[in-house]
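> Prediction below, plus the sequence it came from.
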Amino acid sequence: MKIGASTLAGIEDKLERALEFIESLGIEYAEIVHQYPHDNADAEILESFNLKYSIHAPFMDVNIAALQEKSRLNSIEQIKESIDFANEINAEAVVVHPGLASFLANKYFSDTVYEFANESIKQIGDYGRDLGVLTTIENMPAFDGMLYQNMKDLDELLVSLDMSMTLDIGHANHVGYSPDEMIFDSIKHIHMHDNFGDDDAHLSFGEGSIDLKGITNRLQQKNYDGIYIIEVNDMDSIKKSYEYMKRNF
């Protein structure tokens with residue numbers, strides 16, 4: 001298995017400290033959360049570590065489904081900058097959120113929000129394809145306004161665009177999917193964390209109710225050969241989760 005850890009766990013600290021910790025555990029991959037305060041990550045510094053990389057494009061202040069054109073286009077440009085950075089450091093994948101709908105947008109213009117999201121996803125996918133960068137779209141948790149909580153709808157869109165999905169197992173469990181219902185052929189990247197289904201808690205492996213081993217077994221049976229990214233809340237949880245994988249997987 002290709003195993004990595006997200007720098008989300010160290011987002012409040014210097015990026016180098018997160019990378020040093022991930023490397024010290026013997027983990028092969030790090031997923032760089034490419035947004036504030038690490039939006040100006042230095043390629044030379046990354047190359048100084050014995051790590052391979054994936055990139056999580058910014059999501060805190062971007063919305064590729066925004067109804068306001070200037071906001072939407074600026075968000076797309078920020079995603080493209082992450083794809084450019086992935087190309088520069090030879091990252092194996094880029095993860096992109098599919099966008100948000102505010103209360104009023106969801107109430108009055110939900111069809112238009114999805115239309116804009118789909119157009120943006122296509123544009124981002126085409127941009128990544130031209131650079132040879134695997135650009136994936138992530139399924140979302142069950143929070144108001146988050147698009148593509150429905151994994152079947154996301155899969156159908158991505159198949160139609162010849163694009164790939166990042167399966168976030170914790171998000172899928174939060175929405176209510178069973179392990180069998182989470183598996184799609186479009187999946188090329190994985191985010192792993194645990195929860196009890198009542199919140200997107202990003203717990204250490206084994207601290208919630210998700211059958212993580214069963215899901216990975218199903219993925220292996222489907223010949224999944226991408227990265228499994230540990231995406232938890234803090235550094236200690238990365239260590240606990242990695243040790244859990246070594247004991248149980």
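Perfect, I can see it now. Since we're looking at a predicted model, the values are computed, not measured. Numbers count the residues shown, from 1 in each chain.

> Mind checking what secondary structure the most centrally placed residue in the chain has?
Nearest to the geometric centre of the chain sits residue 95, at 4.4 Å (Cα atoms, centre = their mean). What DSSP: H, G, I helix; E, B strand; the rest coil gives for residue 95 is strand.

> Pretty sure it sits against residue 140.
No - counting by Cβ atoms under 8 Å, residue 95 does not reach residue 140; the two are 11.9 Å apart. Where you see a C-beta, it was placed from the backbone N, CA and C, and this is true even at glycine.

> Residues in contact with the worst-scoring helix or strand of the chain on mean pLDDT: which ones?
Lowest mean confidence among the helices and strands of the chain (mean pLDDT, DSSP states H and E): helix 103-108, at a mean of 92. Residues outside helix 103-108 that contact it (Cβ atoms under 8 Å, 6 or more residues apart in numbering) are 67, 112-113, 144-145.

> Return the members of these classed as buried.
67, 113 (16 or more other Cβ atoms under 10 Å).

> Let me know the closest of the contacts of helix 103-108 to residue 195.
residue 144 (17.7 Å; Cβ to Cβ).

> Contact partners for the closest one?
When contacts are counted by Cβ under 8 Å, 6+ apart, residue 144 touches 103, 106.

> Please enumerate the strands of the chain.
Using DSSP state E, the strands found in the chain span residues 2-6, 29-33, 52-56, 94-96, 135-138, 164-168, 187-192, 227-230.

> Deepest-packed of those strands, please.
Counting by mean count of other Cβ atoms under 10 Å, strand 94-96 has the highest mean neighbour count of those, with a mean of 28.

> Need the residues that contact that one.
If you take Cβ under 8 Å, 6+ apart as the criterion, strand 94-96 is touched by 31, 54-57, 64, 79, 82-83, 86, 121, 124, 128, 133-138, 166, 189, 191.

> Same list, the strands of the chain, but as a markdown table with mean pLDDT please.
As requested, the strands of the chain are arranged in a markdown table below (pLDDT from 0 to 100):
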| stretch | mean pLDDT |
| --- | --- |
| strand 2-6 | 98 |
| strand 29-33 | 98 |
| strand 52-56 | 98 |
| strand 94-96 | 98 |
| strand 135-138 | 98 |
| strand 164-168 | 98 |
| strand 187-192 | 98 |
| strand 227-230 | 98 |
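
> which one is residue 158 nearest to, not counting chain neighbours?
With sequence-adjacent residues excluded and distances taken as Cβ to Cβ, 6 or more residues apart in numbering, residue 158 is closest to residue 186, at 4.7 Å.

> Report pLDDT for the one you found.
Looking at residue 186, its pLDDT is 98.

> For residue 198, which residues are in contact?
Counted by Cβ under 8 Å, 6+ apart, residue 198 has contacts residue 174.

> at 7 Å instead, please
If you count contacts by Cβ atoms under 7 Å, 6 or more residues apart in numbering, residue 198 has none.

> what's the answer for residue 188, then?
93, 134, 136, 164-165, 226.

> how close does it get to residue 222?
11 Å (Cβ to Cβ, to the nearest Å).

> about what we covered before: how about the contacts of helix 103-108 in a markdown table, adding pLDDT?
Formatted as a markdown table, the contacts of helix 103-108 follow (pLDDT from 0 to 100):
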| residue | pLDDT |
| --- | --- |
| 67 | 98 |
| 112 | 98 |
| 113 | 98 |
| 144 | 95 |
| 145 | 96 |
